[in-house]
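Colleague: What follows is a protein structure lacking sequence information:
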């Protein structure tokens, strides 16, 4: 399955290919971009699992295989220290402006790699090979990149599109169920804010999706990528429409930051964040409580968290105030009126405090 996305201002084409076994064909595919050199950024886990196949493919295509750029596995390594490490390695290897950075990994790797490629020599070629569901359907798609600060998630970054995104569903076979669910949450989110049909597909196929049935999962991946590309090509710089993709993330990112990216996964915090946003939607008389209960039920069936033991409400509020556009004591949340009808609404602390009860 091939998808071509055209981005305006500046004009750029991103080619997305979804295909089983594409990992072993990557050398031949990226050769079309005519890079002077290829550098691979991955983590310690993916290096053991998949780098051998990738290295063989690159060698067969005639590329000299440079030493890897490898960071430890985990969200807390999406940091300024890791960014500096990547710059140091590229400088040591004499990477030039025609070089290609190829990311092999999940959202941490694609986010970090995008930031490196966007800024090293003011921009080098970039190809993503996402290996988690969240990276395949969300993190690698749309050009956002970023790294975390100790006080806020993804606060440092830019928009920089990969020339190619090469998605191999086969690599999901080694993904833990917890990390698989991180990606499913993102597709649920996309369905809620922009595609009721996609949301219904998940509802009606939740069992085969949890079992990773190939045909069902492939349809989910392709549908989600198409939907996100439709949004991001319309609003590449997040000036309007694209903001709806922050649904559940305002609270979720703050909860991740509070836990120092160690206790809860990204998908788990977004699951909780979507419920908080839906409770706000109900409390502000924007949505019917049936919508909240329907989403809550789906998340529970999927095995995602719908409650948390303890939340420092005031501290979470302060982190959110830093992470998102805010002013006059209010924070902007993406809320829902109904399936596929999001709305941006400024929320005060008392409204937020009341909404937190849904997950307490």
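Modeller: Received the coordinates, thanks. Since this is a predicted model, take the numbers as computed values, not measurements. Numbers count the residues shown, from 1 in each chain.
Colleague: Tell me where the stretch 151-300 of the chain has helices.
Modeller: Counting by DSSP state H, counting those that start in this stretch, the stretch 151-300 of the chain has helices at residues 177-194, 196-204, 206-210, 214-234, 249-258, 266-283, 289-302.
Colleague: Just the pLDDT at the residue located most distally from the centre of the chain, thanks.
Modeller: Using Cα atoms, centre = their mean, the residue of the chain lying farthest from its centre is residue 62. It sits 31.9 Å away. For residue 62, the model assigns a pLDDT of 95.
Colleague: Quick check on residue 212: phi, psi?
Modeller: The phi and psi values for residue 212, taken as degrees, to the nearest 10, are phi 60, psi 40.
Colleague: Surely it touches residue 172?
Modeller: Yes: using Cβ atoms under 8 Å, residue 212 is in contact with residue 172, at 6.6 Å. From N, CA and C alone the C-beta is placed, and that goes for glycine too.
Colleague: For these two, list the residues in contact with both.
Modeller: Both residue 212 and residue 172 are in contact with residue 180, where contact means Cβ atoms under 8 Å, 6 or more residues apart in numbering.
Colleague: Tell me who's in contact with residue 5.
Modeller: By Cβ under 8 Å, 6+ apart, the residues touching residue 5 are 13-16, 229, 232-233.
Colleague: at 7 Å what do you get?
Modeller: 14, 16, 229, 233 (Cβ atoms under 7 Å, 6 or more residues apart in numbering).
Colleague: farthest pair in these?
Modeller: The two members of those with the most space between them (Cβ to Cβ) are 16 and 233, at 11.7 Å.
Colleague: quick one, which of the two is more surrounded?
Modeller: Legend: neighbour count by other Cβ atoms under 10 Å for residue 16 and residue 233, higher for residue 16 (22 against 17).
Colleague: Surely that one is within a strand?
Modeller: Yes: according to DSSP: H, G, I helix; E, B strand; the rest coil, residue 16 belongs to a strand.
Colleague: now it, which residues is it bridged with?
Modeller: Beta bridges link residue 16 to residue 3, residue 165, judged by DSSP bridges.
Colleague: circling back to that earlier point, who has more neighbours out of residue 212 and residue 172?
Modeller: Set residue 212 next to residue 172 and count neighbours by other Cβ under 10 Å: residue 172 wins out with 20 against 15.
Colleague: Three-state assignment for residue 304, please.
Modeller: Once three-state DSSP is applied, residue 304 turns out coil.
Colleague: Name all residues that make contact with it.
Modeller: When contacts are counted by Cβ under 7 Å, 6+ apart, residue 304 touches 181, 185, 267-268, 271.
Colleague: For residue 214, grab the count of nearby residues.
Modeller: Residue 214: 14 surrounding residues under other Cβ under 10 Å.
Colleague: What of residue 74?
Modeller: What residue 74 shows, counting by other Cβ under 10 Å, is a neighbour count of 13.
Colleague: Which strand or helix spans the closest residue to residue 174 other than its chain neighbours?
Modeller: Spatial nearest neighbour of residue 174, excluding adjacent residues (Cβ to Cβ, 6 or more residues apart in numbering): residue 49 at 5.8 Å. Following DSSP states H and E, one finds residue 49 within helix 44-60.
Colleague: any residues touching that helix, and which ones?
Modeller: With Cβ under 7 Å, 6+ apart as the criterion, helix 44-60 contacts 23-27, 38, 40, 42, 65, 68, 70, 72-73, 104-105, 131, 171, 174.
Colleague: Please parse the chain into its domains.
Modeller: 2-175, 225-359 (automatic domain parsing).
Colleague: who's in contact with residue 256?
Modeller: Residue 256 neighbours (Cβ under 7 Å, 6+ apart): 75, 153, 264, 266, 269.
Colleague: measure stretch 158-177 end to end?
Modeller: Stretch 158-177 has an end-to-end distance of 31 Å (criterion: Cα to Cα, to the nearest Å).
Colleague: before we move on, what about stretch 115-128?
Modeller: 12 Å.
Colleague: got the contact list for the residue nearest the centre of the chain?
Modeller: Centroid check for the chain by Cα atoms, centre = their mean gives residue 139 as the closest residue, at 2.6 Å. Neighbour list for residue 139: 107, 110-111, 130 [criterion: Cβ under 7 Å, 6+ apart].
Colleague: quick one: which two of those residues are the most distant?
Modeller: Across these (Cβ to Cβ), the longest gap, 10.9 Å, separates 111 and 130.
Colleague: where does the stretch 251-360 of the chain dip in pLDDT?
Modeller: 323-328 (pLDDT under 70).
Colleague: Kindly report the same for the stretch 1-150 of the chain.
Modeller: Counting by pLDDT under 70, the stretch 1-150 of the chain shows low-confidence ranges at 9.
Colleague: all helices for it, in order.
Modeller: With DSSP H, counting those that start in this stretch applied, the stretch 1-150 of the chain shows helices at 26-30, 44-60, 80-92, 107-119, 133-134, listed in chain order.
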